[in-house]
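Colleague: How does the following fold in three dimensions:
(chains A and B)
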Amino acid sequence: KNEVEQSPQNLTAQEGEFITINCSYSVGISALHWLQQHPGGGIVSLFMLSSGKKKHGRLIATINIQEKHSSLHITASHPRDSAVYICAVRNYGGATNKLIFGTGTLLAVQP
Amino acid sequence: NAGVTQTPKFRVLKTGQSMTLLCAQDMNHEYMYWYRQDPGMGLRLIHYSVGEGTTAKGEVPDGYNVSRLKKQNFLLGLESAAPSQTSVYFCASSFADVYEQYFGPGTRLTVT
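Modeller: Numbering: from 1, shown residues only, chains lettered A, B, ... in the order given. Below is the predicted model of the structure:
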């Protein structure tokens, strides 16, 4: 079993819909990252959080440390949000900011 | 600022050939990383560096070597390429241990 599991693996939404992507992990962590990868490759860090909730524009990330679960929400989705969203965790006590990555959620937002 | 850059963007090698991938960052970051990304798998750490002149093995280091002679550059070498090394390679850097990582655009390598 992977240490970081994301669901769903694939998601298709209509423009304007509220989207939720989930990440569950099985290790103790000191931080969780959400990343975005657009077609053609580039990876951008969206959030880094260790507790609670963070918001940036239409994106909201939450984490529940006790349940070992995080969600990424996109409000009023737009076709430009189409990308792969990747969850990664920093193992608590792990050396040197080594991250454990999920396999990603492929999101397609249709106009 | 250019951020993190990688050269080349694409490369095709024959089995047994060697090559070096270059990563450069202009953010004065101490930490640099090399990852590979394969279909159906999460990013996996190959090697990393915590500062100029230092390197360390990650999760999948076999078949690769690295050097960090200058703080801004992190080189990934393949001495004798194998088809199993066909992948997309990403370089990343971070200011320090617990800071977010900034990624380069990736290098798509095919070994035939």
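Colleague: Just grab the bridge partners of A:Ile43 for me.
Modeller: A:Gln37 (DSSP bridges).
Colleague: for B:Met32, that is, sorry about that
Modeller: Beta-bridge partners recorded for B:Met32 (DSSP bridges): B:Ser49, B:Ser93.
Colleague: That one and B:Gln25 touch, don't they?
Modeller: Yes. Counting by CB atoms under 8 Å, B:Met32 touches B:Gln25, with 6.8 Å between them. Every C-beta, even on glycine, is put in place using the N, C-alpha and C of the backbone.
Colleague: and chain B, which of its residues are near chain A?
Modeller: B:31, B:40-45, B:48, B:50, B:56, B:58-59, B:88, B:90, B:92, B:94, B:96-103, B:105-106, B:108 (CB under 8 Å from any CB of the partner chain).
Colleague: buried subset of those?
Modeller: B:31, B:42-45, B:48, B:50, B:58, B:88, B:90, B:92, B:94, B:99-103, B:105-106 (16 or more other CB atoms under 10 Å in any protein chain shown).
Colleague: Sketch out the low-pLDDT regions of chain B for me.
Modeller: B:1 (pLDDT under 70).
Colleague: Which single residue of it ends up nearest chain A?
Modeller: Distances between chain B and chain A by CB to the nearest CB are smallest at B:Gly42, namely 3.2 Å.
Colleague: Leaving out the residues flanking it, which one is nearest to that residue?
Modeller: Nearest residue to B:Gly42 in three dimensions, chain neighbours excluded: A:Phe101, at 3.2 Å (CB to CB, 6 or more residues apart in numbering or on different chains).
Colleague: what about chain A, any weak spots by pLDDT?
Modeller: Short version for chain A, where the test is pLDDT under 70: A:1, A:93-97.
Colleague: show me where the chain has strands.
Modeller: No chain was given, so I picked chain A. A:4-7, A:10-14, A:19-25, A:29-37, A:43-49, A:52-56, A:59-64, A:69-74, A:83-91, A:99-101, A:105-110 (DSSP state E).
Colleague: oops, chain B please
Modeller: B:4-7, B:10-13, B:19-25, B:31-37, B:44-49, B:56-57, B:65-67, B:73-78, B:87-94, B:102-103, B:107-111.
Colleague: Tabulate the ones you listed in TSV, adding columns for distance to A:His33.
Modeller: Formatted as TSV, these follow (distance: least, CB to CB, whole Å):
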stretch	distance to A:His33
strand B:4-7	16
strand B:10-13	27
strand B:19-25	18
strand B:31-37	13
strand B:44-49	14
strand B:56-57	20
strand B:65-67	23
strand B:73-78	20
strand B:87-94	11
strand B:102-103	11
strand B:107-111	22
